[in-house]
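>>> sequence unknown, structure follows:
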Ligand code: ADP
Ligand code: MG
């Protein structure tokens, strides 16, 4: 249609815009990273679609991102010759937030600027970050393959509404024109733009050029425009790795560590994997995005390729470039494609090694554990082939270690001579477990007991019956075998009191036994060998079973 239509933003967009402008003021240069990343995504998508439909490249096959400063107009323009958007797409993509959990995310914002900035950063601010620096944003676009008459102009002041009209547009792709706010005029300075692009977007694989309107100088390329993972490890600085992580993850913070590898041979691939410093807000959402960015022969194929890592390592971010995969590979094909399974096996081991390395740095590892420990525990059940490697990464509260957590290896190193088992106790929390009468006999003998209190622990431990060949034993279960300590003799079992208790508790307990495991407490409840524990029972009840 030739006329201009006005649309309202989806309510969540309006709320996000409002919160974002207020919380991200001190990180506001990230708008440039976000818009450049959209331009780069658009170039990736075009290259991908052109594999099937080469005509989409028209007369302009070299992907490029062009920044233009116009000081007299007060605008900064970011243009790309990527896939572009049709009218329907622009209304949909720049008017809504298509992410599950958005409501919950918005509700979790506290009003505390610093905390909110962090959360909003993790959520991913995307296109709307343009409004942190602009009081009006104009987007002009034409989708590849559509006629010049099917161009579209989108415009908004970020106050709740946007307008859309059709325009004539010869150039394919998208131009985002930012009418900079009075207090954001620093982004009209080419030095400033160079610095921010250098910091956040240097490794965007397409050339980013900068031109100043009215200047005679030809536009100049201001990034290195090579894919970082293709470069040799020893030529890449830590800072470059960190900035690349920020670029692909949209994070503000540096990763905890990374692993960059090139594998030659029949199964050739390059991987660059990062451990994020913080869990995303939707780590436990079933539909949350996870997985790696997949490239084939440097052509971007897809985001969130989840086939390259198991579910319990879904928090890992990174890139995989597998030049021998077919360029037309789809998610379905990835699912049961032999080479993908082999890469996945190798990458899983890599990640476990990367985390093992991280565990040598106590400060960083405790941050990691607090964020991702629960997810890692899923690996005990999910990944039998790597069970010991995953178990080595777990950390537990312990009856003998105060507030600090212990690994299974450290537990084994401290164990008593002749102690052939790893003992653990399940409880609602570590403090409650610490009070348990079940610990009395262990304390008396100086034997350490691991205290497990995560909701997933009982499920997890049911898969972990051994570590380094040493059996794990529930300290609250059945008969204990501490040098026969637990075995009462027949006279004790025949005791009249026991018989009385047995009669009066019929139907409520399975058996009443004499024991030597208690030191101070008169009685305790013990689970039979094959009985579900309280955590597991509660979990099943909660799931309606
Ligand atoms: P995300 O990039 O995470 O999808 P954004 O808010 O950054 O979220 O962008 C929303 C959507 O708008 C993109 O997914 C894309 O479909 C569309 N879009 C934004 N910028 C461009 C662009 N330069 N070219 C084509 N499409 C774009
Ligand atoms: Mg984006």
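That came in fine, so what should we check first? All values reported here derive from a predicted model rather than from experimental measurement. Ligands and ions are numbered 1, 2, ... in the order given.
>>> okay but residue 453 is in contact with residue 397, surely?
Yes - counting by CB atoms under 8 Å, residue 453 touches residue 397, with 7.0 Å between them. The C-beta positions use only the backbone N, C-alpha and C, and glycine is treated the same way.
>>> Need the pLDDT of the residue of the stretch 151-300 of the chain at minimum distance from ligand 2.
Among all residues of the stretch 151-300 of the chain, residue 250 sits closest to ligand 2, at 7.7 Å; criterion: CB to the ion. Here, the pLDDT recorded for residue 250 equals 83.
>>> Same question for the one 3 residues further on.
On the pLDDT scale, residue 253 is placed at 90.
>>> I'd assumed residue 138 was in a strand, is it?
Yes - according to DSSP: H, G, I helix; E, B strand; the rest coil, residue 138 belongs to a strand.
>>> can you list residues touching both of residue 453 and residue 397?
Residues touching both residue 453 and residue 397 (CB atoms under 8 Å, 6 or more residues apart in numbering): 430, 433.
>>> who's more crowded, those two?
Shown here are residue 453 and residue 397; by other CB atoms under 10 Å, residue 397 has more neighbours (22 against 19).
>>> quick one: residue 452 and ligand 2, what's the gap?
Distance, residue 452 to ligand 2, by CB to the ion, to the nearest Å: 41 Å.
>>> nearest residue to that residue other than its sequence neighbours?
residue 426 (5.0 Å; CB to CB, 6 or more residues apart in numbering).
>>> same deal with residue 101?
residue 282 (4.7 Å).
>>> got the contact list for the one you found?
Applying CB under 8 Å, 6+ apart, the residues near residue 282 are 99-101, 105, 288.
>>> 10 Å instead?
Applying CB atoms under 10 Å, 6 or more residues apart in numbering, we find residue 282 in contact with 99-102, 104-105, 122-123, 288-290.
>>> Now list the buried members of those residues.
Those of the contacts of residue 282 that meet the buried threshold are 99, 101-102, 105, 122-123, 290, by 16 or more other CB atoms under 10 Å.
>>> Which pair in the residues you listed has the greatest spatial separation?
Pairwise distances across the buried ones among the contacts of residue 282 (CB to CB) peak at 17.3 Å, for the pair 102 and 290.
>>> Residue 274 looks like it's in a helix, true?
No - according to three-state DSSP, residue 274 belongs to no helix; its state is strand.
>>> need the contact list for it.
Contacts of residue 274 by CB under 10 Å, 6+ apart are 241-242, 244-246, 248-249, 251, 254-260, 315-319, 354.
>>> one step back: I'd like to know how far the residue nearest to residue 452 sits from ligand 1.
41 Å (CB to the nearest ligand atom, to the nearest Å).
>>> measure that residue to residue 390 for me?
Distance of residue 426 to residue 390, computed by CB to CB, to the nearest Å: 19 Å.
>>> Residue 71 now?
57 Å.
>>> between these two, who's got more neighbours?
Neighbour tally, residue 71 and residue 390, criterion other CB under 10 Å: the higher count belongs to residue 390, 27 against 15.
>>> Can you spell out which helices and strands pack onto the strand or helix carrying that one?
Taking DSSP states H and E as the criterion, residue 390 maps to helix 387-391. Helix 387-391 sits against helix 338-358, helix 362-382, helix 408-414, strand 466-467, with contacts defined as 3 or more CB pairs under 10 Å, 6 or more residues apart in numbering; DSSP states H and E.
>>> from the middle of its chain, how far away would the very next helix or strand once past that helix be?
Later in the chain than helix 387-391, the nearest helix or strand by DSSP H and E is strand 397-398. Here the centre of strand 397-398 is set off from its chain's centre by 27 Å, with CA atoms, centre = their mean, to the nearest Å.
>>> And the residue lying closest to residue 46 once chain neighbours are set aside, how close does it get to residue 168?
Closest residue to residue 46 apart from its sequence neighbours, by CB to CB, 6+ apart: residue 83 at 4.3 Å. To residue 168, residue 83 is 19 Å away according to CB to CB.
>>> longest helix in this structure, by residue count?
Ordering each helix of the chain by length in residues (DSSP state H) puts helix 30-52 first.
>>> how about it against ligand 1, any contact?
Yes - on the criterion CB under 6 Å from any ligand atom, helix 30-52 is in touch with ligand 1 at 34, 38-39, 41-42.
>>> Grab the nearest non-local neighbour of the one residue in the stretch 51-200 of the chain that gets nearest to ligand 1.
Using CB to the nearest ligand atom, residue 126 is the residue of the stretch 51-200 of the chain that sits closest to ligand 1, at 2.4 Å. Setting aside the residues directly before and after it, residue 126 is nearest to residue 34 in space (CB to CB, 6+ apart), at 5.6 Å.
>>> OK, contacts around that neighbour?
124-130, 132, 200-201, 250.
>>> May I see the residues you listed arranged in a markdown table, with secondary structure and neighbour count as well?
Shown next, in a markdown table, are these (DSSP: H, G, I helix; E, B strand; the rest coil; neighbours: other CB atoms under 10 Å):
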| residue | secondary structure | neighbour count |
| --- | --- | --- |
| 124 | coil | 18 |
| 125 | coil | 25 |
| 126 | helix | 19 |
| 127 | helix | 17 |
| 128 | helix | 22 |
| 129 | helix | 27 |
| 130 | helix | 27 |
| 132 | helix | 24 |
| 200 | helix | 21 |
| 201 | coil | 24 |
| 250 | coil | 20 |
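>>> sec struct for residue 451, please.
Applying three-state DSSP: residue 451 is strand.
>>> same thing with residue 259?
strand.
>>> my guess is it meets residue 357, correct?
Yes - Residue 259 lies in contact with residue 357 (CB atoms under 10 Å); the separation is 8.1 Å.
>>> follow-up on the earlier one: can the longest helix of the chain be found next to ligand 2?
Yes - residues of helix 30-52 contacting ligand 2 under CB under 5 Å from the ion: residue 38.
>>> Of the residues of helix 30-52 next to ligand 1, keep whichever come out buried.
In the residues of helix 30-52 next to ligand 1, the ones that pass as buried (16+ other CB under 10 Å) are 34, 38-39, 42.
>>> Now for the residues you listed: which two are most distant?
Most distant of these, by CB to CB, are 34 and 42, 12.8 Å apart.
>>> quick one: the strands in the stretch 401-545 of the chain?
422-426, 449-452, 466-467, 470-474 (DSSP state E, counting those that start in this stretch).
>>> Equivalent analysis for the stretch 101-250 of the chain, please.
134-142, 151-156, 161-167, 173-180, 208-212, 220-221.
>>> Any chance of the ones you listed in CSV with distance to residue 15 as columns?
What follows is those, written out as CSV (distance: least, CB to CB, whole Å):
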stretch, distance to residue 15
strand 134-142, 18
strand 151-156, 15
strand 161-167, 14
strand 173-180, 22
strand 208-212, 32
strand 220-221, 39
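>>> Format those strands as TSV; extra columns: mean pLDDT and mean neighbour count.
Shown next, in TSV, are the strands of the stretch 101-250 of the chain (pLDDT from 0 to 100; neighbours: other CB atoms under 10 Å):
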stretch	mean pLDDT	mean neighbour count
strand 134-142	98	22
strand 151-156	98	22
strand 161-167	97	17
strand 173-180	98	22
strand 208-212	97	19
strand 220-221	95	13
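>>> Now the spatially most central residue of the chain. Nearest residue, chain neighbours left out?
What sits nearest the mean C-alpha location of the chain, by CA atoms, centre = their mean, is residue 315, with 3.3 Å. Counting by CB to CB, 6+ apart, residue 315 lies nearest to residue 372, which is 5.4 Å off, once chain neighbours are set aside.
>>> what's the answer for residue 471, then?
Nearest to residue 471 is residue 421, by CB to CB, 6+ apart, at 5.4 Å.
>>> give me the number of residues near the one you found?
16.
>>> same thing with the one 3 residues further on?
A total of 23 residues lie near residue 424 under the criterion other CB under 10 Å.
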